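J.: Sequence and predicted structure below; questions after.
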Amino acid sequence: MLSYPISLKKDGDTVLATSPDFPELTTFGDDRDDALLHAVDALEEAIAARIAAREPVPFPSRGKHKAPLPTQTTLKVLVYQSMAQAGLRKADLARLLSWHAPQIDRLLDIRHATKLEQIDAALAALGKRLDIGLEKTGKH
């Protein structure tokens, strides 16, 4: 899972959350946990905007506080980053997969629920495969 660093700063009665990886990200929360929760939503919005504008989505840098992206968002970011690394546009991926443009748009749409098989197919076309593992979180 991708987890992006979040800087937290007390701001009156709220906690300000920003990200060194996404300068455009600014959100607030009532406390630390609430600010981190809002940061995940703000990260998804920032990522969606960058994908729509064909701008780079960075890999997470280091930081004390992290906001983990949902699994599906992580997978879509990895597909997008793999496309960028290969120098491919959406039209190129569509040709590789023999898909129509709207299918690629949905594949990269953070708000659209995409079947894992489609993500696997896109990654395979990009010469990648998904390797899933589990990490202990400390709970139970």
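T.: Received it, and whenever you're ready, just let me know what you need.
J.: quick one, strands of this structure?
T.: 3-11, 14-18, 26-29, 65-68 (DSSP state E).
J.: Kindly state the domain boundaries assigned to this structure.
T.: 3-68, 71-125 (automatic domain parsing).
J.: next one: the longest one to chain centre, how far?
T.: With CA atoms, centre = their mean, to the nearest Å as the basis, domain 3-68 stands 11 Å off its chain's centre.
J.: what do you get for the last one?
T.: Domain 71-125 has its C-alpha centroid displaced from the chain centroid by 13 Å (CA atoms, centre = their mean).
J.: follow-up on the earlier one: nearest to L134, of the domains of the chain?
T.: Proximity to L134 (CB to CB) singles out domain 71-125 among these, at 12.1 Å. Quick note: C-beta positions are derived from backbone N, CA and C, even for glycine.
J.: What's the end-to-end length of that closest one?
T.: 20 Å (CA to CA, to the nearest Å).
J.: L75 is in contact with I119, correct?
T.: Yes. Under the criterion of CB atoms under 8 Å, I119 makes contact with L75 at 5.0 Å.
J.: who's more crowded, those two?
T.: More neighbours surround L75 than the other of I119 and L75, with 22 against 17 (other CB atoms under 10 Å).
J.: Spit out the contact partners of A84.
T.: Applying CB atoms under 8 Å, 6 or more residues apart in numbering to A84 gives the contacts P56, V57.
J.: same question but for A125, I mixed them up
T.: L93, L96, L97.
J.: Name the nearest residue to the second one, sequence neighbours excluded.
T.: Nearest residue to L96, sequence neighbours excluded (CB to CB, 6 or more residues apart in numbering): A125, at 4.2 Å.
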